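>>> Fold the following.
(chains A and B)
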Amino acid sequence: MLDVLEEKETGMKLESKVPEGPLAEKWAKHKFNLKLVNPANKRKYEVIVVGTGLAGASAAAALAELGYNVKAFCFQDSPRRAHSIAAQGGINAAKNYQNDGDSVFRLFYDTIKGGDYRAREGNVHRLAEVSVSIIDQCVAQGVPFAREYGGALANRSFGGSQVSRTFYARGQTGQQLLLGAYSALSRQVANGKVKLYPRTEMLDLVIEGGKARGIITRNLVTGKIESHSAHAVLLCTGGYGNVFYLSTNAMGSNVTAAWRAHKKGALMANPCFTQIHPTCIPVKGNYQSKLTLMSESLRNDGRVWVPKTKEIAEKVRKGEIKAKDIKEEDRDYFLERRYPSFGNLVPRDVASRNAKTVCDEGRGVAPTGLAVYLDFADAIKRDGRKVIEAKYGNLFEMYEKIVDDDPYETPMKIYPAVHYTMGGLWVDYNLMTNVPGLYALGEANFSDHGANRLGASALMQGLADGYFVIPYTLGDYLATIGPADKIAVTHPVFKEAEQKVQDTIARMLAIKGEKTAEEFHRQLGHIMWEYCGMARNAEGLKKAKKMIQELKKEFWSNLRVTGTDLELNPALEQASRVADFIELGELMVDDALNRNESCGGHFREEYSTEDGEAKRDDENYTYVAAWEYKGPGQPEKLHKEELKFETVKLTQRSYK
Amino acid sequence: MDIALKVWRQKNSQTPGKMVDYKLSDISPDMSFLEMFDVLNEDLSHKGEEPVAFDHDCREGICGSCSMYINGRPHGPQTGTTTCQLHMRSFNDGDTIVVEPWRARAFPVLKDLIVDRDAFDRIVQAGGYVSVNTGSAPDANEILIPREVADEAMDAAQCIGCGACVAACKNASAMLFVAAKVSHLAVLPQGQAEHQLRAERMVAQMDAEGFGACSFTGACSVECPKSISLDHIARLNREYLGAKLASNNV
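Numbering: from 1, shown residues only, chains lettered A, B, ... in the order given. Predicted structure coming up:
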């Protein structure tokens, strides 16, 4: 009854559009039922793709191959530099090349369970199904995955799974997959089917007649504000981890495109679901600009530990003793102790939380108290240095460059850091947001990872959405609207949107206050990490909300942006992104406060079991929280999409 | 640490630039080179001056954005290191550090330390791919590739497209960049069908962009942050000569 009332009031109903029928047949059936666009008509359509990471580059390439005209935008100077490039560990696929019991269903099951039962069954099963085609496609493009001596593809295992299904290219898998997608994209640029707009940032979405019609961009070299119209707009703009200021994201990664679309009506789903990655290089000083991830694959061979007692840890922190001086019986391999069956390979949220717990107990090993050991001594003893070098050489080198410490000799020091955001724009099974014609792919959407993403699944999802989902689902929408259903950039709605973007920029430049965007960003990051980070509670979240509101007020009265709008101006770009992060931060806090349970990366201290594990509340929170923007300063409206589980049984996740 | 900087400042591509002196104190040796620039930029902003514009993104040595010419060397004094992975501990207290953008006709300066590297994208568009449409691939294990071959391909494929090779070369040649892509695909069976056309087209585009000729001094490989070997240039030369003998496509 309540749902019906809600519908009447807002005119909005969240339909997942997951097809009926047995799980394994849903996608095949759906593909058949989707409308097709006649090959000769495809050239009459234009599609805008924002972002050129794995999701964007693969979507742009695949759609152009089909014959659509694509405009691809990225803020970087080249599409090849999108942040997917930095993914290290690998990409999952249910190939079962290792004969170790893997299957599409097992990958589906691991992913649903890993996500703590907060993702849609239908979407996740489709992801597992198409995973096998991704590997085929990438190999055909020339992606140099690791091989066995006989020439077959090699695999390794990753957290949250007990089979070996991760394909990798040294510690640079994301780079190689992105370069594969970039090469496919480049081929379509040469074919004249894709027009590239590098160093161009989307600053608004244009909606007319209830449909997405195009975008407003700023040319980051000249500062010029421009309109682009199309039949559909695909946001492949990545995640919003930089809301925490310090994260493993690239410096430029931002939420602006998604957030501006949200303010135009697209719902933002589960924004509080953020992933804190357990193995990152710890923070050193307050000049720190970003955190560096050490691939999760290291947990295959590295053992995580801290000293058994506070007293020994204290000595380590003061530099009186070193790791190797600590006797075996004085070490606590806490993951192996608490989770004997998964050991060091528990999922990320579990590993991170446990690292936090032991550090909170005073057993951290860095001068800041915030670090645990990741130790390769046993692996080197067992396999020899050469084998370890072959597996992780480039990661060890990177670690040494940053920390000035040799991980072959002394254990690495690691600490969790913000890495990925499971939340994002709400999309249905077709990857369309609630705004017709507006799609969200990859990390920018919320759909496949629930409350916690398993390692090596982000690359899989980005490419699944781009290569194998959107080419089918977009056609259905385009065939429905027809080629004539498009408006020109001369339409007043574009001019109005351009003007608004220009006004916002002018407003920022006119404040001429005392604090730079960098300082506001850092302040926001502190609030988010402290109160909406690895562990959250109602009191802290309420406090954070107030602090963010005050920060927002100060931002708009005390911001300093040097330079002008009609030039290359990184300070202005940053200010515009930080403004959106501040608003998003408040919504994340609201979402975290609304979800009175602990699940995956969202850990509410009030809702935990006696031994400190997360306590879900399936009765009340088995839903997607999708938030609707209601205007400046207004509380956002919550819409719920109930998650229906037809195949798996919801159980308390156990990795013991 | 106290550091003196001489930094190239240039308003835009139409305005001439000049070196400007800055002084920084209390720099931690654990800071990355770019974090040192962050400190400088925050200083400048507070003084009401415009910060130094520079390209950077991932700050973990893989995106290829950063492009500073430091004390006469692309990415600074360390080998196999990008600017973002260079740390201040590589310098001494009291050092003067000279920072310029990449210098090459094909890489015009856009502002301060930022250059336009679109030429690299156009070279890839000329042929740096395997022409395979989405969905038409055979099962991945149907193409067996010996481990040594996959490793050789990977050695070449890890090019980050930063342009240090061009900046290091006295002729501003893009040979190592082109060679890395041609070689990566030439050693793999997937790249065979188009290997000759690829070499011809990419080299033709490189010439059209205004990059210089290769005189094989090896500076590119020494300065390459991924230490890509000169062997790949040798392979490109073989591919190119073979292609020229066999076809007249381009």
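
>>> Quick check: the residue lying closest to residue A:117 once chain neighbours are set aside vs chain B, distance?
Sequence neighbours aside, residue A:650 is the residue nearest to residue A:117 in space, at 5.0 Å (criterion: C-beta to C-beta, 6 or more residues apart in numbering or on different chains). Glycine gets a C-beta too; all of them are placed from N, C-alpha and C. According to C-beta to the nearest C-beta, to the nearest Å, residue A:650 and chain B sit 34 Å apart.

>>> Would you verify that residue A:650 is located in a strand?
No: judged by DSSP: H, G, I helix; E, B strand; the rest coil, residue A:650 forms no part of a strand; its state is coil.

>>> which element is the residue in chain B that chain A sits nearest to on?
When scored by C-beta to the nearest C-beta, chain B has residue B:144 as its residue closest to chain A, at 3.2 Å. For residue B:144, there is no host helix or strand (DSSP states H and E).

>>> Without its sequence neighbours, what residue ends up closest to it?
Nearest to residue B:144 is residue A:151, by C-beta to C-beta, 6+ apart, at 3.2 Å.

>>> Whichever residue of chain A sits closest to chain B in helix, strand or coil?
Here chain A gets closest to chain B at one residue, residue A:151, 3.2 Å apart by C-beta to the nearest C-beta. Put simply, residue A:151 is coil when judged by three-state DSSP.

>>> thinking again about what came up before, quick one: the residue of chain B closest to chain A and residue A:152 touch, right?
Yes: in this structure residue B:144 lies within contact range of residue A:152 using C-beta atoms under 8 Å: 6.3 Å.

>>> which one of the two has more residues nearby?
residue A:152 (16 against 13; other C-beta atoms under 10 Å in any protein chain shown).

>>> The residue lying closest to the more buried one once chain neighbours are set aside - how many residues pack around it?
Closest residue to residue A:152 apart from its sequence neighbours, by C-beta to C-beta, 6+ apart: residue B:141 at 5.3 Å. Per other C-beta under 10 Å, the neighbour tally for residue B:141 reads 16.

>>> what's the answer for the one 10 residues further on, then?
If you count neighbours by other C-beta under 10 Å, residue B:151 ends up with 16.

>>> Equivalent analysis for residue B:148, please.
Neighbours of residue B:148 (other C-beta under 10 Å): 11.

>>> what do you get for residue A:510?
9.

>>> Could you do residue B:139 as well?
Residue B:139, neighbours per other C-beta under 10 Å, totals 13.

>>> what about stretch A:357-376 and chain B, any contact?
No: Stretch A:357-376 does not reach chain B (C-beta under 8 Å from any C-beta of the partner chain); its nearest approach is 11.8 Å.

>>> buried residues in that stretch?
Using 16 or more other C-beta atoms under 10 Å in any protein chain shown as the test for burial, stretch A:357-376 gives A:358-359, A:363-366, A:369-376.

>>> Quick one: end-to-end distance for that stretch.
22 Å (C-alpha to C-alpha, to the nearest Å).

>>> So what's the gap between it and the chain middle?
Centroid separation for stretch A:357-376 versus its chain: 26 Å, with C-alpha atoms, centre = their mean, to the nearest Å.

>>> How about stretch A:541-559?
For stretch A:541-559, the distance to the chain centre is 25 Å (C-alpha atoms, centre = their mean).
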